[in-house]
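Trainee: Show me the folded form of this:
(2 chains)
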Amino acid sequence: AQSVTQPDIHITVSEGASLELRCNYSYGATPYLFWYVQSPGQGLQLLLKYFSGDTLVQGIKGFEAEFKRSQSSFNLRKPSVHWSDAAEYFCAVGFTGGGNKLTFGTGTQLKVEL
Amino acid sequence: NAGVTQTPKFQVLKTGQSMTLQCAQDMNHEYMSWYRQDPGMGLRLIHYSVGAGITDQGEVPNGYNVSRSTTEDFPLRLLSAAPSQTSVYFCASSYSISGRFEQFFGPGTRLTVL
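Mentor: Now for the predicted structure:
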């Protein structure tokens, strides 16, 4: 069965600093990979997704993620964080033929210091 | 399009009561899912459906029933609520093109069982 690990429960960065959120997955084949963001009391918004091809994926709000097969990782990055980026971020893995199900990591809570 | 809608937004139940969480989507998506979100555990799949009349269990199905009589609706039933079912519940729908998919989430239902 597939699994997703987000090793950082909480991360604090200063506004304007760069950000990298880590995500590692366990799956026997090439998975589909997703990053979602959740603001307090809100639902989940898709930031970006990876299915195949170019391993550097661009998303909304200036985020990008890089798929590294050798490291089973799909880390999320942003060059300059804004205070409005404070939220919880979830990495998720899915695969074709599986009923479009997703397995989520436990999330990383991002705090932005002004 | 309204997307994925969930009702109610908030609900308080007493142990042993039953209730149905409603989920509807107007995007004509074949696939629908229910997840629960608990602190520190990310989102976990309860049940999912790959089309009208077809449902299957996810990771944490115990205590929940589902049915899918139409493409649009996917209600989640709690037959006898327990405090362990206190959680935030998210419904999602998705399409699939050549095996690739994207899930769209509803705003969630916050359930408290006393």
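
Trainee: Helix or strand for B:Leu45, just tell me which one.
Mentor: If you go by DSSP states H and E, B:Leu45 is part of strand B:42-51.

Trainee: How far off centre is that strand?
Mentor: With Cα atoms, centre = their mean, to the nearest Å as the basis, strand B:42-51 stands 7 Å off its chain's centre.

Trainee: before we move on, what about stretch A:69-84?
Mentor: For stretch A:69-84, the distance to the chain centre is 7 Å (Cα atoms, centre = their mean).

Trainee: pLDDT weak spots in chain B?
Mentor: Within chain B, no stretch has pLDDT under 70.

Trainee: which residue is nearest the centroid of it?
Mentor: B:Trp34 (2.8 Å; Cα atoms, centre = their mean).

Trainee: residues in contact with that one?
Mentor: When contacts are counted by Cβ atoms under 8 Å, 6 or more residues apart in numbering or on different chains, B:Trp34 touches B:21, B:23, B:45-48, B:58, B:64, B:66, B:74, B:76, B:89-92. Every residue, glycine included, has its C-beta placed from N, CA and C.

Trainee: near chain A, which of those residues show up?
Mentor: B:45, B:48, B:58, B:90 (Cβ under 8 Å from any Cβ of the partner chain).

Trainee: most neighbours, which of these?
Mentor: Counting neighbours by other Cβ atoms under 10 Å in any protein chain shown, B:Tyr48 leads the ones next to chain A among the contacts of B:Trp34 with 26 neighbours.

Trainee: What sits closest to A:Cys48 if chain neighbours are left out?
Mentor: Just so we're on the same page, residue A:48 is Leu rather than Cys. Nearest non-adjacent residue to A:Leu48, counting by Cβ to Cβ, 6 or more residues apart in numbering or on different chains: A:Gly59, 2.8 Å away.

Trainee: burial measure for that neighbour, as a count.
Mentor: Neighbour tally, A:Gly59, other Cβ under 10 Å: 18.

Trainee: who's in contact with it?
Mentor: Counting by Cβ under 8 Å, 6+ apart, A:Gly59 has contacts A:35, A:46-49, A:65.

Trainee: just to revisit the earlier point, please settle this for me: is the residue nearest to the centre of chain B part of a helix?
Mentor: No. Assessed with DSSP: H, G, I helix; E, B strand; the rest coil, B:Trp34 is strand; it does not lie in a helix.

Trainee: Quick check: bridge partners of the nearest residue to B:Met19 once chain neighbours are set aside?
Mentor: Nearest residue to B:Met19 in three dimensions, chain neighbours excluded: B:Leu78, at 5.5 Å (Cβ to Cβ, 6+ apart). Beta bridges link B:Leu78 to B:Met19, B:Tyr64, judged by DSSP bridges.

Trainee: returning to that earlier point: could you pull up phi and psi at the residue nearest to A:Leu48?
Mentor: phi -130, psi -160 (degrees, to the nearest 10).

Trainee: quick one: it from chain B, how far?
Mentor: The gap separating A:Gly59 from chain B is 12 Å, by Cβ to the nearest Cβ, to the nearest Å.

Trainee: How confident is the prediction for that residue, by pLDDT?
Mentor: Among the per-residue scores, A:Gly59 shows a pLDDT of 97.

Trainee: which one is the residue nearest to the centre of chain B nearest to, not counting chain neighbours?
Mentor: B:Ile46 (4.3 Å).

Trainee: before we move on, what about A:Cys91?
Mentor: Nearest one to A:Cys91, counting by Cβ to Cβ, 6+ apart, is A:Cys23 at 3.5 Å.
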